[in-house]
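S.K.: Next comes the sequence, and after it the predicted model I'd like to discuss.
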Amino acid sequence: QVRLAESGGDSVQSGGSLKLSCAVSGSTYYMGWFRQAPGKLREGVAVIDSDGYTNYADSVAGRFTISQDNAKNTLYLQMNRLKPEDTAMYYCAAGWIWTLDASFYASWGQGTQVTVSS
């Protein structure tokens, strides 16, 4: 059974940076960060596989970086040049397909809130 716990969410001003962490227990292969804003569908932000291959949503490419520290069993999301439209609840998830489609991920954390003010 996979258990995930996110941390690092905060309120920042536009242009600022945040680094989210996700503590992972259990066996995983594909990991991802997803976000959901009020009234919107959950969307994929970034995914990574066990070999370190990554993929990003167009809206965050060049600003966000997903990484993992296998020794610490931790997944990270470094977010730079944050924009108000990045405001959302951010979730980490574990799945068995390398995709940004949230429907293919079965294990989820409780989420951490990121708020970006203009």
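M.R.: Perfect, thanks for sending it.
S.K.: which ones are touching the residue nearest in space to the middle of the chain?
M.R.: Most central in the chain under Cα atoms, centre = their mean is Trp33, positioned 2.2 Å from the mean C-alpha point. Neighbouring residues of Trp33 by Cβ atoms under 8 Å, 6 or more residues apart in numbering: 20, 22, 44-47, 64, 66, 75, 77, 90-93. Where you see a C-beta, it was placed from the backbone N, CA and C, and this is true even at glycine.
S.K.: Name the helix or strand for it, please.
M.R.: Taking DSSP states H and E as the definition, one finds Trp33 inside strand 30-36.
S.K.: Just the CA trace of that strand, in PDB.
M.R.: Output in PDB follows, covering the C-alpha atoms of strand 30-36 (Å, rounded to 0.1, in the frame of the first residue of the first chain):
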ATOM      1  CA  TYR A  30       5.500   6.700 -11.800                       C
ATOM      2  CA  MET A  31       5.000   9.700  -9.600                       C
ATOM      3  CA  GLY A  32       3.300  12.900 -10.300                       C
ATOM      4  CA  TRP A  33       2.200  16.300  -9.100                       C
ATOM      5  CA  PHE A  34      -1.300  17.400  -9.800                       C
ATOM      6  CA  ARG A  35      -3.300  20.500  -8.900                       C
ATOM      7  CA  GLN A  36      -7.000  21.500  -8.600                       C
END
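S.K.: Note down every partner strand of it and its orientation.
M.R.: strand 43-48 (antiparallel), strand 88-95 (antiparallel) (DSSP bridges).
S.K.: outside of the first one, which residues touch it?
M.R.: The set of residues that contact strand 43-48 without belonging to it, under Cβ under 8 Å, 6+ apart, is 30-36, 54-57, 60, 64-68, 75, 77, 90, 98-102.
S.K.: thinking again about what came up before, closest one to Val2 out of the contacts of Trp33, please.
M.R.: Nearest to Val2 among the contacts of Trp33, counting by Cβ to Cβ, is Ala93 at 9.1 Å.
S.K.: Thought Tyr105 was touching that closest one, still the case?
M.R.: Yes. Between Ala93 and Tyr105 a contact is recorded at 3.8 Å, counting by Cβ atoms under 8 Å.
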